[in-house]
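S.K.: With the input below, show me the fold.
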Amino acid sequence: MEKTREITLRKNGVSIGGEKKLLCAGPCAVESLNQIKEIAAFLKVTETPLLRGGSFKLRTSPQSFQGLGEEALKFLKEVGEEFNLLTVTEVATPEQIKLAYEYVDVLQIGARSSQNPYLLKEAGRQRKPVLLKRGMMMTIEELLWASEYITREGNPNVILCERGIRTFEPSTRNTLDLSAVVILKEKTNLPIMVDPSHAVGHAHYVSKLAKAALVSGADGLMIEIHPTPHTALSDGRQALDFKTYEKLVHELRAETISFTI
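M.R.: Next comes the predicted model:
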C-alpha cells in the first residue's frame, strides 16, 4: 500500500496523514455561544487545532436534544474565526451539507448515515474534507465502499474514523476495534482517526484507549470534552472535563508523539 495521503484542512496549514498526528476535540453538541467559546479558548491553550461540535443531532429518542441547527453552525464559524481553529460538524442530509458548507471546514458523515449512498455522493461533490465514521454494524470492507462513493464523485479528501462497533459486550457503549486501524493501513492510503469517546461511552476509559489508538497507527484522535460534563445536553457521560483532557494531551506529547498545532 502506498504512503498515507496527507490531507490539508483548508486553514492554518493543518493537515492529517503526514508525520504529525491531529487532535480534534469538542462537545457532542453545540449548546450555546458561551459554551462553544469557552471550549474554543481552552483548545487554543492545549494547542488542539480542530474543534468538533454537533449542530444537527441524530438521537435515538425524539425526546432528546436535537441540536441548534444553523444557529450552532454560526457559533462554530464565529469561534473558529476568533480563535483561529478549524471546525467540523456532522451532516445527515444533502441539504445540511449545503448549509454547513458555508460555515465549517470539515464535513462529518456520522455512524448512522455512513451507508446512505445519496448523502455520500453529495459529500463527494463538495471540495471540503469529509470525515467518514464507521457505522456501528459496518465491516471494514463496507467502510471502504462508503469512502469510494465519496471519492468517485471527485472528492479525494476523505478521513476514515473508527468509533467502535456494536457487539454483545455490555461493559462499554461499543467495542473499539483497533484492529481496524491496522487493517485499514494495509488496504487504503486514506488517513484514519479514532474516536474513543463514542466507542466506550465512559470518560474513565477514554485516555488509555486514545493512547492505544495512536500506537495502533491512527493519524489522529477525536475526543469529546465539555467544561461541565454532568450538565451536558448530550453524551456527558463520555466527555472528558478540561483537566482530564489537558492531562491526556500532556502525556501524549511527553511520549514523543509529534502533533500538528
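S.K.: I'd like the secondary structure assignment at residue 98, please.
M.R.: helix (DSSP: H, G, I helix; E, B strand; the rest coil).
S.K.: Please, where are all the helices along the stretch 151-261 of the chain?
M.R.: 178-187, 196-200, 203-215, 242-254 (DSSP state H, counting those that start in this stretch).
S.K.: who are the neighbours in contact with the residue nearest to residue 160 when sequence neighbours are not counted?
M.R.: With C-beta to C-beta, 6 or more residues apart in numbering as the criterion, residue 160 has its nearest non-adjacent residue at 4.9 Å, and that residue is residue 192. Every C-beta, even on glycine, is put in place using the N, C-alpha and C of the backbone. Counting by C-beta atoms under 8 Å, 6 or more residues apart in numbering, residue 192 touches 159, 160, 161, 162, 181, 184, 185, 217, 218, 219, 220.
S.K.: Am I right that the fourth one is in contact with residue 177?
M.R.: This means residue 162. Yes - using C-beta atoms under 8 Å, residue 162 is in contact with residue 177, at 6.0 Å.
S.K.: count of neighbours near residue 232?
M.R.: When neighbours are counted by other C-beta atoms under 10 Å, residue 232 registers 21.
S.K.: Ok, residue 212 next?
M.R.: 15.
S.K.: hang on, it packs against residue 179?
M.R.: No - here residue 212 lies out of contact with residue 179, judged by C-beta under 8 Å, at a distance of 11.3 Å.
S.K.: which one of the helices of the stretch 151-261 of the chain has the most crowded surroundings?
M.R.: helix 196-200 (a mean of 26; mean count of other C-beta atoms under 10 Å).
S.K.: same for that one, what does it pack against?
M.R.: Secondary-structure packing of helix 196-200 (3 or more C-beta pairs under 8 Å, 6 or more residues apart in numbering; DSSP states H and E): helix 203-215, strand 220-224.
S.K.: Could you list every helix and strand in contact with the last one?
M.R.: Strand 220-224 is packed against strand 22-26, strand 192-194, helix 196-200, helix 203-215, with contacts defined by 3+ C-beta pairs under 8 Å, 6+ apart.
S.K.: can you put the helices of the stretch 151-261 of the chain in JSON lines and add distance to residue 16?
M.R.: Output for those, formatted as JSON lines (distance: least, C-beta to C-beta, whole Å):
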{"stretch": "helix 178-187", "distance to residue 16": "14"}
{"stretch": "helix 196-200", "distance to residue 16": "17"}
{"stretch": "helix 203-215", "distance to residue 16": "13"}
{"stretch": "helix 242-254", "distance to residue 16": "16"}
